[in-house]
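*Asks:* okay, sequence plus prediction incoming.
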Amino acid sequence: QKEVEQDPGPLSVPEGAIVSLNCTYSNSAFQYFMWYRQYSRKGPELLMYTYSSGNKEDGRFTAQVDKSSKYISLFIRDSQPSDSATYLCASGGYNQGGKLIFGQGTELSVKP
Amino acid sequence: GAGVSQTPSNKVTEKGKYVELRCDPISGHTALYWYRQSLGQGPEFLIYFQGTGAADDSGLPNDRFFAVRPEGSVSTLKIQRTERGDSAVYLCASSLNQGRGNIQYFGAGTRLSVL
């Protein structure tokens, strides 16, 4: 079992839809959680990061962490065609050194 | 430049050859990471430097892989006797430190193809 599991999709939604992307993790030592967006042939770009359970909002993006169930979510409101990309969740812990453990990535397509 | 720079962007080599991949981190970032991303997968950790020393090399798949960061800035990932299975995108990231603010910023990667 991978330490971070993510449904690879692909996920296709119409423009304006609310998108929900999800990951689960198994390592209780994970203490911080990140979402990266990766366009084709580009490096991952940080979208959101959080250190605690609860919600964190930034514009159209909301990151949600539930440490009790080891569940991580990213919600995108009013999705746009420019949001079409692969979304990667990642986790790390202070006793993990500096490394991040990534999920497989979910490929999202927003259709105009 | 403002971001993490990786060169070359693409590298095609033959099985058995030696390759070097270069990473130039964001100025002032003390931590530097190498990851490998295979097609359709998320990045997998290879090695992490804090300053000049390798703090964690547990992700290096075997002794054909080696990385250095002699002056605490630029890093080179070296792969000896390349195999077709080494084909992947090699990503470099840097962060200001290794503590709570461990936000890693990634380069665009080097796409390695071993024929």
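*Replies:* Nice, I can see it. What you are looking at is a predicted structure, and each value in this text was computed from that prediction instead of being measured.
*Asks:* what residues does chain A put near chain B?
*Replies:* Residues of chain A that fall close to chain B, judged by C-beta under 8 Å from any C-beta of the partner chain: A:4, A:6, A:8, A:32, A:34, A:36, A:41-46, A:49, A:51, A:88, A:90, A:92, A:94, A:97-105. (Each C-beta comes from the backbone N, C-alpha and C, glycine too.)
*Asks:* per-residue pLDDT of the residue of chain A found nearest chain B, please?
*Replies:* Closest residue of chain A to chain B, C-beta to the nearest C-beta: A:Phe102 (3.3 Å). Note for A:Phe102: predicted pLDDT of 97.
*Asks:* next: the one 3 residues further on.
*Replies:* Model confidence at A:Gly105, given as pLDDT, is 96.
*Asks:* ok, now which ones touch residue 60?
*Replies:* Just so you know, I chose chain A. Each residue near A:Arg60 by C-beta atoms under 8 Å, 6 or more residues apart in numbering or on different chains is listed here: A:Ile76, A:Arg77, A:Asp78, A:Ser79.
*Asks:* sorry, should have said chain B
*Replies:* B:Leu46, B:Ile47, B:Phe66, B:Ala67.
*Asks:* which pair of those residues spans the longest distance?
*Replies:* Farthest-apart pair in the contacts of B:Leu60 is B:Leu46 and B:Phe66; separation 10.5 Å (C-beta to C-beta).
*Asks:* please identify which of these two sits among more neighbours.
*Replies:* More crowded of B:Leu46 and B:Phe66, by other C-beta atoms under 10 Å in any protein chain shown: B:Leu46, with 22 against 15.
*Asks:* quick one: the helix or strand encompassing that one near chain A?
*Replies:* Assigned by DSSP states H and E, B:Leu46 falls within strand B:44-50. Yes - on the criterion C-beta under 8 Å from any C-beta, strand B:44-50 is in touch with chain A at B:Glu44, B:Phe45, B:Tyr48, B:Gln50.
*Asks:* overlap of the contact sets of B:Leu46 and B:Phe66?
*Replies:* B:Leu60, B:Leu77.
*Asks:* and the closest residue to B:Glu14 other than its chain neighbours, what does it touch?
*Replies:* Nearest residue to B:Glu14, sequence neighbours excluded (C-beta to C-beta, 6 or more residues apart in numbering or on different chains): B:Leu115, at 5.4 Å. Residues in contact with B:Leu115 (C-beta under 8 Å, 6+ apart) are B:Val12, B:Thr13, B:Glu14, B:Lys15, B:Arg84.
*Asks:* and the fourth one, what pLDDT?
*Replies:* The predicted local confidence for B:Lys15 comes out at a pLDDT of 97.
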